[in-house]
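Asks: coordinates only, sequence not included:
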């Protein structure tokens, strides 16, 4: 809402008020002032002048030489190029020495040899907004109303000595969508009197009752609680007075004609939208409100033929023909035109929700609908109607027939709220007295009486529909009392222990572990392109589906991610395009999936850890040769994670060919707990075809479901006594079939060697032609130790021989010598 | 014999003084002091000496041996030193060449900010509450005093999945879920960090996905002044001990009274600069006393209990803290950007 301070000062004195300081005060009291607009964009020394004569320029077809009386001692000769300039006009004249917006300085000059002592200005040249100018003023020089006093500064005539405050209203403060609302607010802040217009006292009515000309009916009680009209006869359509036009423009509304301008002016003044119908187009002498029926149409004022939604609120005439869309836009058939003589002036309270629905449906949002949507003040219906009628007698020559014709379903009552001062102070942490509270209520113009037990009875006028209970009043007190005056205290009561839950702590620890291992955390988008998620194995529920957005902003962001891997791939590709090829990325985030074909309940959201590894193990350096990362770099990272979480012993890896992965270089990871074996996730190289599609080189990814881990992870470490007796190390190298898994060898060795085996590791794997087709050599190191004594060579040999023979028997292994 | 010994000494000293390297020195030692060396050779003739001469010659022989040994030792030390020096010279490294770095990634800057804020509130006795990112209309709006058709729903155009399910537009539904889970117990003291979604076209200051942290405290006699105290303490921990806060009335459907909270500009400390648009203040928090209707709906009697809630945008704080000029950096994940936050 743009609030002209010139206009505002009609209702509340702004004497001795610095507008910038006022803006700050308003902001600090609850309504943010977005901007202070100077209406004068830099105009000085421009005055009203009278064009006495106009002659053609002797040497230029398009120029005229005008003699202008600008109220100075001497008449001025001014060369003017505007087509519409003519003798007998009053026009804005920039005198020599004048400044115009955009830094133009007016000097004495010769134009094609003819002296020009100033400039006749267009509205645009005076810095007025094109879009807000009446059509006839958009081109050529600005012609001022006849009778404008010569020599008057143009800033005064156009109301340019004005600062406009832009009220950025929160949804609850729609009361300030009006000048009077703004005035109440400012009066409360400044603690000054408010002067209301009093149309009821000043309106002069004709003897003829309006009810002889028009009747009113409401056939939609739920959607319209009051419908009131006045009948104004014998109006003359013309321009509205300049001051009214100035104020409309200051508010951002384009002047059109006196009738329309008056309805807009009063809407701005009271916040009550009004509509003027050409009375002679309303058939049957009746105007009513009803809901639209299926298939009904109306051509609205903007010339559009609109199909109406059943239930939309319509204004109809006595023949039941639609003549307007209630609260949204009038019909073309009842428009006020240059020929209009009689007016039916409407002021009503329409249901906000209904107006909102209709305006949304038709994509039609107007100043009127904006106000109805937020619920207008029912108490303003009649004053606004009377005010507009008064202005029509003053500025359109109309006669207001006697009486308001109306249908009333219900009238709103002021709300009466009990405000306990004890609660007020307990709530705010203050010690505000009853007297102070009453003074604040008085500033707001809320009537206030005493109740028992330190309570007040507050009567809240209907214009403040946002105030419905005591806490709303507490807020009013707080904001006018000033939040700076509220003390700063510490919470009283029992202390509480803060902290993370175990999963939260584990996630944070994981993040730290990875970061210190050289991994970079990333954050991808939750919305991705359809179809990428299911490329990877689902965690959580088997056979789950992607969750789609009902109205995505783009195809690339149309479904919720059901895997972190697609996002990681995008980030990898993005960085590869920027010459960053060595990547170790991880993300901890939610993925989404549903088992439903048609979503009816919240999808599963699970927290997963995604990892992506590509490029060289280390950055290129003078003392290191680049080595590509491989499967085992990634697996090692997972092993380290599980070791840190203390669950290494529960995790197993099985060769697998999960979706999206290289079938020979990928595995599923399982958590083996007493309650069974559970899939944790997958790791491996991306399928080469996927890599190609995404312009990636060999890339290794892993995705782990964290939920199952929480229960088993993060147990406290338990001390074990350090060994007192020496260990014995024995290495063996065996040749086995190429497809024998190392894991199987290790398992057999562990089973055979039993407790004496302390450590077991693979230290070499070798394949080569001299071993023979489909063979490989595996070298293992075994460390034996007895807890209570030193092992003898004989004891070790006995166990070790058993190990070797078990390997020979199980895998047809040959011992390499 | 004495003369022979003296001559030997003379010869040995001359040769030892001329010795060129450790190998030659060793040869000379063998030559003079070895089992078959020259000194031994001469001393073999001792048997032929008289009892008077023997001790005299013996003494001379010992002197000669001692002198040669001392000289050899001296030479040996010399060569050892020479050897060490040679080695040291050969082993010299260019200390200006770069070393092998520790591997170091970094926590995403948004998570760094979230962790910082969590640490502060945990220190103040808060726990961390979490909730789903896909919410029902009830939790996201209705339970927060935003019934269907409420004008405040205008403020947040949302991503719906169905008529009733949407991506949460705020972390406030976690407050409702927390209150429900607490079943009327007090005190409630939580913060709720999380990702939220609004239908915004992405530009330098808008992103359709972003993060919020909300806080909720419910108990007996929770006051607006407590909110002020809490936020002052938090902002001082977060932005420095001289930080001031300023409350401005505002509107949120789920709090009453509602206030926006400004802090003294992190850049200019309040003197006015480009970041704070010369106001000296930065708006970083929304907050207020929990609306009685929200308390009622979540099972708390507003006549018995009161509470406050606050919320802030993680991206905004991160942008202010690190001076980041474009919100999209956070989700582009350019390593040249993320790498800048690898600090302890």
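Replies: Structure's in. What do you need? Since this is a predicted model, take the numbers as computed values, not measurements. Numbering: from 1, shown residues only, chains lettered A, B, ... in the order given.

Asks: List the neighbours of the helix or strand of chain A with the lowest mean pLDDT that are in contact with it.
Replies: The weakest-scoring helix or strand in chain A, judged by mean pLDDT, DSSP states H and E, is helix A:199-202 (a mean of 84). For helix A:199-202, the external contacting residues (C-beta atoms under 8 Å, 6 or more residues apart in numbering or on different chains) are A:383, A:386, A:387, A:389, A:390. In this view, the C-beta of every residue, glycine as well, is placed from N, C-alpha and C.

Asks: do stretch A:11-22 as well
Replies: In contact with stretch A:11-22 (C-beta under 8 Å, 6+ apart) are residues A:5, A:8, A:36, A:163, A:165, A:179-180, A:183, A:186-187, A:189-190, A:192-196.

Asks: buried residues in it?
Replies: A:11, A:12, A:13, A:14, A:17, A:19, A:22 (16 or more other C-beta atoms under 10 Å in any protein chain shown).

Asks: Closest to chain B out of these?
Replies: The shortest approach to chain B among the buried residues of stretch A:11-22 belongs to residue A:22, at 15.4 Å (C-beta to the nearest C-beta).

Asks: quick one on the thing from earlier: of the buried residues of stretch A:11-22, which belong to helices?
Replies: A:19, A:22 (DSSP state H).

Asks: Now compare the buried residues of stretch A:11-22 and name the two farthest from each other.
Replies: A:11 and A:19 (15.6 Å; C-beta to C-beta).

Asks: Quick one: residues contacting residue A:342.
Replies: Contacts of residue A:342 by C-beta under 8 Å, 6+ apart are A:213, A:231, A:232, A:233, A:234, A:235, A:278, A:279, A:280.

Asks: can you rerun that using 10 Å?
Replies: Neighbouring residues of residue A:342 by C-beta atoms under 10 Å, 6 or more residues apart in numbering or on different chains: A:213-214, A:231-235, A:277-282, A:398-399, A:401.

Asks: List the contacts of the closest residue to residue B:239 other than its chain neighbours.
Replies: Nearest residue to residue B:239 in three dimensions, chain neighbours excluded: residue B:266, at 5.4 Å (C-beta to C-beta, 6 or more residues apart in numbering or on different chains). Going by C-beta under 10 Å, 6+ apart, residue B:266 touches B:235, B:238-240, B:243, B:273, B:275-276, B:282, B:284, B:317, B:320-321, B:323.

Asks: In these, find the pair that's most separated.
Replies: Checking the contacts of residue B:266 with C-beta to C-beta, the most distant pair is B:238 and B:273, at 19.1 Å.

Asks: So these two - more neighbours on which side?
Replies: Set residue B:238 next to residue B:273 and count neighbours by other C-beta atoms under 10 Å in any protein chain shown: residue B:238 wins out with 19 against 15.

Asks: Quick check: the gap between that one and chain A.
Replies: 16 Å (C-beta to the nearest C-beta, to the nearest Å).

Asks: Now do the buried residues in the helix or strand where that residue lies.
Replies: Residue B:238 is part of helix B:224-239 when elements are defined by DSSP states H and E. Within helix B:224-239, the residues scored as buried using 16+ other C-beta under 10 Å are B:224-239.

Asks: could you say what helices and strands the single longest helix found in chain A packs with?
Replies: As assigned by DSSP H, the longest helix anywhere in chain A is helix A:793-811. Under the contact criterion of 3 or more C-beta pairs under 10 Å, 6 or more residues apart in numbering or on different chains; DSSP states H and E, helix A:793-811 touches strand A:728-737, helix A:742-753, strand A:757-766, strand A:775-784, strand A:814-815.

Asks: repeat that for 7 Å
Replies: strand A:728-737, helix A:742-753 (3 or more C-beta pairs under 7 Å, 6 or more residues apart in numbering or on different chains; DSSP states H and E).

Asks: do you know which of those lies nearest chain B?
Replies: helix A:742-753 (26.6 Å).

Asks: For the closest residue to residue A:518 other than its chain neighbours, what is the enclosing helix or strand?
Replies: Leaving aside its sequence neighbours, residue A:518 sits nearest to residue B:103 (C-beta to C-beta, 6+ apart; 2.8 Å). In the assignment (DSSP H and E), residue B:103 maps to no helix and no strand.

Asks: In terms of pLDDT, where does residue B:103 sit?
Replies: Listed pLDDT for residue B:103 reads 86.

Asks: That one: neighbour count?
Replies: 14.

Asks: which element follows the helix or strand hosting residue A:417 toward the C-terminus?
Replies: Using DSSP H and E, residue A:417 sits within strand A:415-420. Using DSSP H and E, the helix or strand that follows strand A:415-420 towards the C-terminus is helix A:421-428.

Asks: Identify all contacting residues around the helix or strand just after that next one.
Replies: Going down the chain from helix A:421-428, the next helix or strand is helix A:434-443, by DSSP H and E. Identification of contacts with helix A:434-443 by C-beta atoms under 7 Å, 6 or more residues apart in numbering or on different chains yields A:188, A:191, A:421, A:424, A:448, A:454, A:456, A:458, A:476, A:477, A:480, A:481.

Asks: and these, which are buried?
Replies: If we count by 16+ other C-beta under 10 Å, these have these buried: A:188, A:421, A:424, A:448, A:456, A:458, A:476, A:477, A:480, A:481.

Asks: Among those, which pair sits farthest apart?
Replies: Using C-beta to C-beta for every pair in these, the one that comes out farthest apart is A:188 and A:421, at 19.6 Å.

Asks: Ignoring the adjacent residues along the chain, who's closest to residue A:28?
Replies: Nearest non-adjacent residue to residue A:28 (C-beta to C-beta, 6+ apart): residue B:248, at 5.9 Å.

Asks: do the same with residue A:667
Replies: residue A:653 (4.6 Å).

Asks: phi, psi of that neighbour?
Replies: Here is the backbone geometry of residue A:653 (degrees, to the nearest 10): phi -120, psi 130.

Asks: who's in contact with the residue of the stretch 151-300 of chain B found nearest chain A?
Replies: Going by C-beta to the nearest C-beta, chain A is nearest to residue B:225 of the stretch 151-300 of chain B, at 2.6 Å. Neighbouring residues of residue B:225 by C-beta under 7 Å, 6+ apart: A:428, A:429, A:486, A:487, A:488, A:489.

Asks: got it, and residue A:490?
Replies: Residues near residue A:490 by C-beta under 7 Å, 6+ apart: B:226, B:229.

Asks: what does residue A:700 give?
Replies: For residue A:700, the contacting residues are A:613, A:614, A:629, A:631, A:634, A:684, A:685, by C-beta under 7 Å, 6+ apart.

Asks: give me the number of residues near the second one?
Replies: Meaning residue A:614. 26.

Asks: what about the stretch 201-344 of chain B, any weak spots by pLDDT?
Replies: B:344 (pLDDT under 70).

Asks: If we use 90, what do you get?
Replies: Applying pLDDT under 90 to the stretch 201-344 of chain B flags residues B:201-202, B:205, B:253, B:266-272, B:274-279, B:321, B:342-344.

Asks: can you list the residues of it near chain A?
Replies: B:208-209, B:217, B:219-226, B:228-230, B:232, B:247-251, B:256-257, B:259, B:289, B:292, B:306, B:330-335, B:338 (C-beta under 7 Å from any C-beta of the partner chain).

Asks: in chain B, which spans are strands?
Replies: For chain B, the strands defined by DSSP state E occupy B:127-128, B:134-136, B:165-167, B:188-197, B:209-219, B:245-252, B:255-264, B:281-290, B:306-313.

Asks: Centre of the chain to the first one, how far?
Replies: Its chain's average C-alpha position is 23 Å from that of strand B:127-128, according to C-alpha atoms, centre = their mean, to the nearest Å.

Asks: do the last one as well
Replies: Averaging C-alpha positions (C-alpha atoms, centre = their mean) puts strand B:306-313 30 Å from its chain's average.

Asks: So which elements touch it?
Replies: strand B:209-219, helix B:224-239, strand B:281-290.

Asks: mind putting those in CSV, distance to residue A:539 included?
Replies: Formatted as CSV, the helices and strands packed on strand B:306-313 follow (distance: least, C-beta to C-beta, whole Å):
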stretch, distance to residue A:539
strand B:209-219, 22
helix B:224-239, 36
strand B:281-290, 36
